[in-house]
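> what follows is a predicted protein model with its sequence.
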Amino acid sequence: MRILSVFAAFMLSLGVAQAQELNCQVSIITDVNLDITTVEQDIFDQLEQTVFEFMNNKAWTQDKFEVEERINCNLQIQIREIPSEGVFRGFIQVQSSRPAFNSSYNTTLFNFQDDDVTFAYSRDNVQNLVYRPGQFTDNLSSILAFYAYFIIGMDYDSFSLNGGTPYFVKAQQVVSDAQNSGAEGWRSNEQGKQNRFWLVDNILQELFSPLRQCNYEYHRKGIDNLHEDRVASRKAIYTAMNKLVKVVATRPNSVNLINFVQAKSNELKNMYEDAEMKEKNEIVGLLKRIDPANSSRYQEILN
């Protein structure tokens, strides 16, 4: 539970609104091959502000956050096509991070590209994006609500074991509400098992409990102690990531597993720069076992 400081409580008493959970930066980018009219550019500018307000102004939890406790995240919406007037198709890149304890360093928690994004938005029918649990209002609102809850779930999981469960359950409710909409990304039978349905369905399955334990231990026993003892922190991180072998045995190449490891690849490379070769060989061997398709990326740790 996030606790308001005395100062924050004092500011609230003066009528200053408390910070919400997310500190979300939003950008709308159009494909270079799209011929964008002035009207459409105005729509994108308005949409960017509307998405920003939706993510940052809505209270997604019952917890109280200080301004500096907000979860840093980024949403980049790339428009690839405009199939018809007011309808847009593309992808969303979603990224979130959190600070290491007693440090200015930020570690990536979630970095995912959602390729199944189609939505309608019209400047002539301006209304705030709305998400109501148990209802499907529009696809963009549901997509944004899903990622808001998923980002919060990943953040809470990194501070306490399974602490994000209530928010993953809320994200799963968004999926359930949207399944009959006909929009892509919400159903189990879509090709590839890389969509929103599988992101949250997997993480709530018992088979993926080692991944959630890894997420917690990686950050609380590893990242949060880097400023005190890098060697001990690397050992804790190796121990945490070794738990992923259990997931590999049952669900190799699952979207959650690969997403977690790849989100950490650059961090691990930097973390092991000053490690003994024995340590480097151990972590590289483990990463190749978990994500063999990207072995060459992990091999760079040895350089």
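In hand now; what should we look at?

> for the residue nearest in space to the middle of the chain, helix, strand, or coil?
Taking Cα atoms, centre = their mean, the centroid of the chain lies closest to F110, which sits 3.7 Å from it. Secondary structure for F110, judged by DSSP: H, G, I helix; E, B strand; the rest coil, is strand.

> which strand residues bridge it?
Taking DSSP bridges, one obtains S96 as the residues bridged to F110.

> what about the strands in the chain?
Using DSSP state E, the strands of the chain run over 22-30, 71-84, 87-99, 106-120.

> just put the ones you listed in a markdown table and tack on mean pLDDT.
Output for the strands of the chain, formatted as a markdown table (pLDDT from 0 to 100):
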| stretch | mean pLDDT |
| --- | --- |
| strand 22-30 | 97 |
| strand 71-84 | 96 |
| strand 87-99 | 97 |
| strand 106-120 | 96 |
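
> could you export these as a markdown table, including distance to T250?
Where C-beta positions appear, they are placed from N, C-alpha and C, glycine not excepted. Shown next, in a markdown table, are those (distance: least, Cβ to Cβ, whole Å):
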| stretch | distance to T250 |
| --- | --- |
| strand 22-30 | 33 |
| strand 71-84 | 30 |
| strand 87-99 | 26 |
| strand 106-120 | 21 |
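
> which among those strands is found nearest to K243?
For the strands of the chain, proximity to K243 was assessed by Cβ to Cβ; strand 106-120 is nearest, at 17.1 Å.

> check which helices and strands that closest one sits against.
Counting contacts by 3 or more Cβ pairs under 8 Å, 6 or more residues apart in numbering; DSSP states H and E, strand 106-120 packs against strand 71-84, strand 87-99, helix 139-159, helix 196-203, helix 255-271.

> picking up where we left off before, can you tell me which of the strands of the chain is nearest to V39?
Across the strands of the chain, closest to V39 is strand 71-84 (Cβ to Cβ), at 11.4 Å.

> in its sheet, what does the closest one sit against?
If you go by DSSP bridges, strand 71-84 pairs up with strand 22-30 (parallel), strand 87-99 (antiparallel).

> now tell me what touches the shortest one from outside.
Residues lying outside strand 22-30 but in contact with it, judged by Cβ atoms under 8 Å, 6 or more residues apart in numbering, are 36, 44-45, 47-48, 51-52, 55-56, 60, 70-79, 148, 151-152.

> rewinding a little: deepest-packed of the helices and strands packed on strand 106-120, please.
With neighbours taken as mean count of other Cβ atoms under 10 Å, these reach their highest mean count in helix 139-159, at a mean of 24.

> distance from it to the middle of the chain?
Chain-centre distance of helix 139-159: 7 Å, with Cα atoms, centre = their mean, to the nearest Å.

> sweet, I'm off.
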